[in-house]
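>>> only geometry, no sequence info:
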Ligand code: NI
Ligand code: MN
């Protein structure tokens, strides 16, 4: 299983010959200017919530790839109004078996309004079960006791927001690793806007001191999970 970072909370996971893209926000991000969204060609796009920094390139990439979008029911309905009729709507607590593996939608503590002001339902995170691995993609969230529900999932990796201001910061993300019982962390949702700029070296040191295997890949960089 391979993952590639495209800035903010945008990642690709490649597993079993399928490409899963998460929360596409690339063209508005100057740090990701070298990424060509038309070359990504995902099979699925998973959307955690409706904010612009998670859906900016959603429709354009869906149109260039015909990807199936996995998202909460309200966003699936909104996509239908934009002519995208293959979105797979889910809701918190529900799981579904796709051809690449299983996706369970889990709680996130945040808000969710779409760029045009439409309600985006509740914000969500995902647990992905594929290729013998279990991965938690937290989306935008506060630290929440609901994360303890994941403690017995034997998570292999967790994508956690660490930028503070809109989501958890580093210190709460470290507490989250105890709640979810996972010490392999990929940080996300930092540096893109002035209020979420972090000191990467200090953040890495805090994670390492807490015994966490932290990865903060550069934009365009891939890791083996
Ligand atoms: Ni958000
Ligand atoms: Mn966000």
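That came through fine. This is a predicted model, so every value here is computed, not measured. Ligands and ions are numbered 1, 2, ... in the order given.
>>> what sits closest to residue 139 if chain neighbours are left out?
residue 48 (2.9 Å; CB to CB, 6 or more residues apart in numbering). Bear in mind the C-beta positions are built from the backbone N, C-alpha and C, glycine included.
>>> the one you found looks like it's in a helix, true?
No. Assessed with DSSP: H, G, I helix; E, B strand; the rest coil, residue 48 is coil; it does not lie in a helix.
>>> from ligand 2, how far out is it?
Remark: distance between residue 48 and ligand 2 (CB to the ion, to the nearest Å) = 8 Å.
>>> before we move on, what about residue 94?
Residue 94 sits 23 Å away from ligand 2 when distances are taken as CB to the ion.
>>> how about that residue, phi and psi?
Main-chain torsions, residue 94, degrees, to the nearest 10: phi -90, psi 150.
>>> what are the neighbouring residues in contact with it?
Contacts of residue 94 were listed using CB atoms under 8 Å, 6 or more residues apart in numbering, and they are 104-105.
>>> just the helices in the protein please.
52-55, 58-65, 73-81, 170-180, 200-209 (DSSP state H).
>>> right, is the first one up against ligand 1?
To tie it back to what came earlier, the one meant is helix 52-55. No. Helix 52-55 lies out of reach of ligand 1 by CB under 5 Å from the ion, never closer than 6.1 Å.
>>> just give me how far that helix sits from the chain centre.
Remark: helix 52-55 is offset 11 Å from the chain centroid, using CA atoms, centre = their mean, to the nearest Å.
>>> residue 209: neighbour count?
Counted by other CB atoms under 10 Å, the residues lying close to residue 209 total 9.
>>> whoops, residue 66 was the one
11.
>>> list the contacts of the closest residue to it other than its chain neighbours.
With CB to CB, 6+ apart as the criterion, residue 66 has its nearest non-adjacent residue at 7.6 Å, and that residue is residue 86. Residue 86 sits next to 66, 68-69 when contact means CB under 8 Å, 6+ apart.
>>> and residue 213, by the same measure?
Contacts of residue 213 (CB under 8 Å, 6+ apart): 183-185.
>>> go on, residue 21?
Applying CB under 8 Å, 6+ apart, the residues near residue 21 are 10-12, 40, 42, 44-46, 61, 67.
>>> let's see 10 Å
The neighbourhood of residue 21, defined by CB atoms under 10 Å, 6 or more residues apart in numbering, consists of 4, 6, 10-14, 37, 40-47, 57-58, 61-62, 65, 67, 69.
>>> in strands, which of those residues fall?
Judged by DSSP state E, the contacts of residue 21 include 4, 11-14, 44-46, 69 as members of strands.
>>> burial measure for residue 89, as a count.
Around residue 89 there are 18 other residues, counting by other CB under 10 Å.
>>> residue numbers of the protein in contact with ligand 2?
Checking the chain against ligand 2 by CB under 5 Å from the ion, the hits are 51, 53, 140.
>>> and the pLDDT for the closest residue to the second one other than its chain neighbours?
If the residues on either side of it in the chain are set aside, residue 53 comes closest to residue 25, at 4.8 Å by CB to CB, 6+ apart. Predicted confidence (pLDDT) at residue 25: the value is 98.
>>> do I have it right that residue 25 meets residue 49?
No. In this structure, residue 25 is not within contact of residue 49 by CB atoms under 10 Å, at 11.8 Å.
>>> picking up where we left off before, top of the contacts of residue 213 by neighbour count?
Neighbour counts for those, by other CB under 10 Å, peak at residue 185, which reaches 26 neighbours.
>>> what pairs with it across the strands?
Assessed by DSSP bridges, residue 185 has beta-bridge partners residue 158, residue 214.
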